[in-house]
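>>> The sequence isn't on hand, but the structure is:
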Ligand SMILES: NC(=O)c1ccc[n+]([C@@H]2O[C@H](COP(=O)([O-])OP(=O)(O)OC[C@H]3O[C@@H](n4cnc5c(N)ncnc54)[C@H](OP(=O)(O)O)[C@@H]3O)[C@@H](O)[C@H]2O)c1
């Protein structure tokens, strides 16, 4: 049975990814933090760890050794806090940066290091970043910087781990609106997209499945954003 490790698999996109690979008949090692919505089932192993805590990451790394070898890994876990929001909550910039870089950079680094010698032949690793890795957003400067670091590290891993492990990046745009998002916000976001519709988790799952199965794709950054990054954000209605 093939095995995939997915981080942040307890809910939302990570949960959908776990359910997709379970449905393909794979064994899924699903990491989660505070919430695990995955139904217990054959082939599913769940491991809890707070990836912002170094000791938890070390413990998780030790536990992962029991479930290898690995055919695939998806680094999906993520925290997303606006700079002003952290400040309002009394979280210092240093602590906010520490948390984001711990979850997005240190944890994937340490987990990947721990998998040395535990990869199958023709394995793959997919790293979920964000279009913000290439498109700065001053409201989320810490998040953007840490996702950019994650993406750069992923491409170094494409060099280091190939040819045994093909590493690629998926850059989602806004995936799915949350119940608290207002109609005005939804319309504003969709107006900045070329396809004018929500992506949904399925779009990112399809991209991950494509990368997992594409033996000739390595070191690629696959943008799945409905055209939001290239949508023209400037007023083109003027004439001279
Ligand atoms: N949603 C979007 O529109 C969007 C847009 C661009 C990129 N992305 C990227 O796509 C991926 C999936 O998006 P999503 O919205 O499903 O992500 P999400 O729910 O915000 O986060 C993914 C998972 O990371 C876990 N996580 C957060 N802090 C953690 C910590 N300290 N230790 C361990 N796990 C932690 C969360 O679990 P807990 O809540 O239990 O901590 C959650 O299950 C992420 O990498 C995200 O950055 C998403």
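Received, thanks. Everything numeric here is computed off the predicted structure, so don't read it as measured data.

>>> Can you tell me the element the nearest residue to residue 137 once chain neighbours are set aside falls in?
Among residues not flanking residue 137 along the chain, residue 144 sits closest, at 5.5 Å (Cβ to Cβ, 6 or more residues apart in numbering). The C-beta positions use only the backbone N, C-alpha and C, and glycine is treated the same way. Element membership for residue 144, per DSSP states H and E: helix 141-161.

>>> contact partners of the helix or strand following that helix?
Sequence order places strand 165-172 as the next helix or strand after helix 141-161, per DSSP H and E. Here strand 165-172 makes contact (Cβ atoms under 8 Å, 6 or more residues apart in numbering) with 13, 119, 123-131, 133-134, 151, 154-155, 157-158, 161, 199, 203-204, 207-208, 211, 215, 217-225.

>>> okay, the angle between the longest strand seen in the chain and strand 165-172?
If you go by DSSP state E, the chain has its longest strand at strand 119-128. Inter-element angle recorded for strand 119-128 and strand 165-172: 20 degrees (by axes from the mean of the first three to the mean of the last three Cα atoms, to 10 degrees).

>>> Wait, the residue nearest to residue 137 touches residue 136, no?
Yes. Using Cβ atoms under 8 Å, residue 144 makes contact with residue 136 at a distance of 5.4 Å.

>>> Please identify which of these two sits among more neighbours.
Neighbours per residue (other Cβ atoms under 10 Å) separate residue 144 from residue 136, with residue 144 holding more: 22 against 11.

>>> measure the more buried one to the ligand for me?
Residue 144 sits 11 Å away from the ligand, going by Cβ to the nearest ligand atom, to the nearest Å.

>>> So, low pLDDT: which residues of this protein?
232-240 (pLDDT under 70).
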